[in-house]
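Visitor: Sequence and predicted structure, then a few things I'm wondering about:
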Amino acid sequence: MTTPSSEAERLEALWAGDFGNAYVERNKGAGDVREPFWRSLLTAFPATSALEVGCNLGGNLRWVASVLPPQQVFGVDVNLSALRTLRASVPDVNAVHTRGRDLPFRDHWFDLVFTMGVLIHQPESTLPLVMSEIVRCSKKYVVCGEYFAERTVEMPYRGHSGALFKRDYGGLYQSLFPELTLRKQDFMGKDQGWDDVTYWVFEKV
């Protein structure tokens with residue numbers, strides 16, 4: 001019988017190993033054209049500190065750290081190769097090796113906590129825990145950019161089952177965390193440096 005923790009551990013091991021290393025190699029240039037998005041978002045929703053959960057090699061944090069003080073920008077990931085790349089390319093950013101369901105930060109520590117294409121890889125059983133950790137660590141804003149579907153749909157992903165899910169992530173945040181108020185929702189296409197994702201911006205009230 002598969003337990004919630006064992007399913008999460010299976011996926012964390014997948015991303016921490018060769019599968020995750022291959023993802024790092026494939027996506028080295030994925031964040032190159034994302035600067036306008038992050039400058040616009042951080043202008044509309046100002047912050048002085050930020051945490052990305054599932055930061056990979058820093059395709060987002062490189063731009064966040066160009067707006068915010070780099071020493072106040074943190075990224076966490078389970079893949080050590082990704083974190084080494086992040087430290088080399090944006091050395092003043094804090095790169096932390098940890099999993100999303102057990103974040104080593106105090107409550108309300110960051111103005112902004114966000115994911116981009118990370119919740120889609122969380123199993124149904126522990127997704128609320130990861131989201132709860134994100135909300136717990138945020139003082140002001142929560143942002144997520146993920147594949148959208150009105151109902152949960154599992155998608156095949158490079159030969160692995162149970163590894164990618166489309167969901168209404170914005171709706172889940174609102175139903176699980178009534179302290180969040182939706183401030184913005186929009187869609188980003190491949191021409192903007194994203195793989196056709198919907199993003200939501202929430203403010204904690």
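Guide: Structure's in. What do you need?

Visitor: Show me the shaky parts of the protein.
Guide: Scanning the chain for pLDDT under 70 picks out 1-4.

Visitor: 50 - rerun?
Guide: Scanning the chain with the threshold set as pLDDT under 50 gives 1-2.

Visitor: okay, which residue is most central for it?
Guide: Thr115 (1.8 Å; Cα atoms, centre = their mean).

Visitor: Is it correct that that one falls within a strand?
Guide: Yes - assessed with DSSP: H, G, I helix; E, B strand; the rest coil, Thr115 lies in a strand.

Visitor: Just the buried residues of the longest helix seen in the chain, please?
Guide: The longest helix of the chain (DSSP state H) is helix 4-16. For helix 4-16, the neighbour count (16 or more other Cβ atoms under 10 Å) marks 7-8, 11-12, 14-16 as buried. In this view, the C-beta of every residue, glycine as well, is placed from N, C-alpha and C.

Visitor: what residues are up against the residue nearest to the centre of the chain?
Guide: Contacts for Thr115 (Cβ atoms under 8 Å, 6 or more residues apart in numbering) come out as 52-54, 100, 134, 143-146.

Visitor: picking that back up, which one of the buried residues of helix 4-16 is nearest Glu35?
Guide: Trp15 (25.9 Å; Cβ to Cβ).

Visitor: Okay, the closest one and Lys139: tell me how far apart.
Guide: From Trp15 over to Lys139 the distance is 28 Å, taken as Cβ to Cβ, to the nearest Å.

Visitor: Now do the same contact list for Ala65.
Guide: 73, 90, 92-93.

Visitor: What count of nearby residues applies to the spatially closest residue to Gly31 that is not a sequence neighbour?
Guide: Computed as Cβ to Cβ, 6 or more residues apart in numbering, the closest residue to Gly31 that is not its neighbour in sequence is Gly59, at 2.4 Å. The burial count assigned to Gly59 is 23, neighbours taken as other Cβ atoms under 10 Å.

Visitor: Just say helix, strand or coil for the residue lying closest to Asp168 once chain neighbours are set aside.
Guide: The shortest distance from Asp168 to any residue other than its chain neighbours is 5.7 Å, reached at Glu150 (Cβ to Cβ, 6+ apart). At Glu150 the chain is in coil, as set by three-state DSSP.
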